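*Asks:* Below are the sequence and a predicted model for it; my questions follow.
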Amino acid sequence: MAGGETVGRAGRAAHIRSFVRRQGRLSNAQQRYHEQMMTRIGVPYRATAVDLDLLFGRQAARILEIGFGMGETSAAIAAAHPQTDYLGVEVHTPGVGSLCKLVAEMGLTNLRIVQHDAVEVLRDMLLPASLDGAHIFFPDPWPKTRHHKRRLLQPAFVALLVSRLRPGAYIHCATDWEEYAQQMLAVLSAESLLENTAAGFAPRPAYRQPTRFEERGRRLGHGVWDLLFRRRPPSLQAEDHRQDQLA
């Protein structure tokens, strides 16, 4: 990520990870569904591009979700939009197992999971202009100043993500950490290929139903900030470039 990349032994830039691998408690159900379902809906990480049409067995709009936690929101959105395909990326096994359980119980056929670092998935597995949207809900805020470099929403990451979006595709982020929300807004606004759909923060879209944790926070007076940006159409990109040349 910006300002935090080093070069690995293979000569490829290595990024600062935005997560710590905390295994946490894995319930018997989570372990069982993880073992059963990842052979069906899991996508092993490989440093080669994946054919999304082949993966889902059809042509459809494709949405990437980065860091889906325990998967309740992911499953609810996928169930409400069966015409759209969803690719969830998460590193923590309890959350992956939890979403596997929801997929099985709800009979979802339009959701796949990659249990791997999202930066490497974006860089190595997804082709440019292959996504119609991206969800990043409540990423780790890394509140201590010395840890801000670990935050996911950094300029280099946003540039990589935008390169995988089709023109007109969207990025939807949400956080309950106000200072991080302000940083997200600044970073997304600074990306020239993105345009904000709102004057600052956006109203929560109806498809993102509040989680129990979020509702509890609201009752305690905690805020939640949504951001909804779109990749500019080519015509607008060309116009901006022309205006920059005239300035």
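*Replies:* Cool, got the structure. Numbers count the residues shown, from 1 in each chain.
*Asks:* so when I look at Gln31, I'm seeing a helix, right?
*Replies:* Yes: counting by DSSP: H, G, I helix; E, B strand; the rest coil, one finds Gln31 located in a helix.
*Asks:* ok, how many other residues are close to it?
*Replies:* Per other Cβ atoms under 10 Å, the neighbour tally for Gln31 reads 14. Heads up, the C-betas are built off the backbone N, CA and C, glycines and all.
*Asks:* so what's the most centrally placed residue in the chain up against?
*Replies:* Centrality entry for the chain: nearest residue to the mean C-alpha point is Ile66, 2.7 Å, by Cα atoms, centre = their mean. If you count contacts by Cβ atoms under 8 Å, 6 or more residues apart in numbering, Ile66 has them with 89, 118, 134-136, 139, 152.
*Asks:* before we move on, which element is His167 in?
*Replies:* Quick fix: residue 167 is Pro, not His. Following DSSP states H and E, one finds Pro167 within strand 165-175.
*Asks:* pLDDT on stretch 49-60, on average?
*Replies:* Here stretch 49-60 scores 98 as its mean pLDDT.
*Asks:* picking up where we left off before, what strands line up against the strand holding Pro167, and which way round?
*Replies:* strand 131-137 (parallel), strand 225-231 (antiparallel) (DSSP bridges).
*Asks:* now the first one, how far from the centre of its chain.
*Replies:* Put simply, strand 131-137 sits 5 Å off its chain's centre (Cα atoms, centre = their mean, to the nearest Å).
*Asks:* Now for Thr197, how many residues are close by?
*Replies:* Thr197 has 14 neighbours, counted by other Cβ under 10 Å.
*Asks:* Might you report the residue contacts of it?
*Replies:* So Thr197 contacts 170, 228-230 (Cβ under 8 Å, 6+ apart).
*Asks:* Let's have the strands paired with strand 165-175 in a markdown table, adding mean neighbour count and distance to Ala78.
*Replies:* Shown next, in a markdown table, are the strands paired with strand 165-175 (neighbours: other Cβ atoms under 10 Å; distance: least, Cβ to Cβ, whole Å):
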| stretch | mean neighbour count | distance to Ala78 |
| --- | --- | --- |
| strand 131-137 | 22 | 11 |
| strand 225-231 | 21 | 19 |
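*Asks:* Dump the ones you listed to CSV, plus distance to His81 and mean pLDDT.
*Replies:* CSV is the format used below for the strands paired with strand 165-175 (distance: least, Cβ to Cβ, whole Å; pLDDT from 0 to 100):
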stretch, distance to His81, mean pLDDT
strand 131-137, 11, 98
strand 225-231, 16, 98
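*Asks:* Those into CSV, with extra columns for distance to Glu214?
*Replies:* CSV is the format used below for the strands paired with strand 165-175 (distance: least, Cβ to Cβ, whole Å):
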stretch, distance to Glu214
strand 131-137, 9
strand 225-231, 11
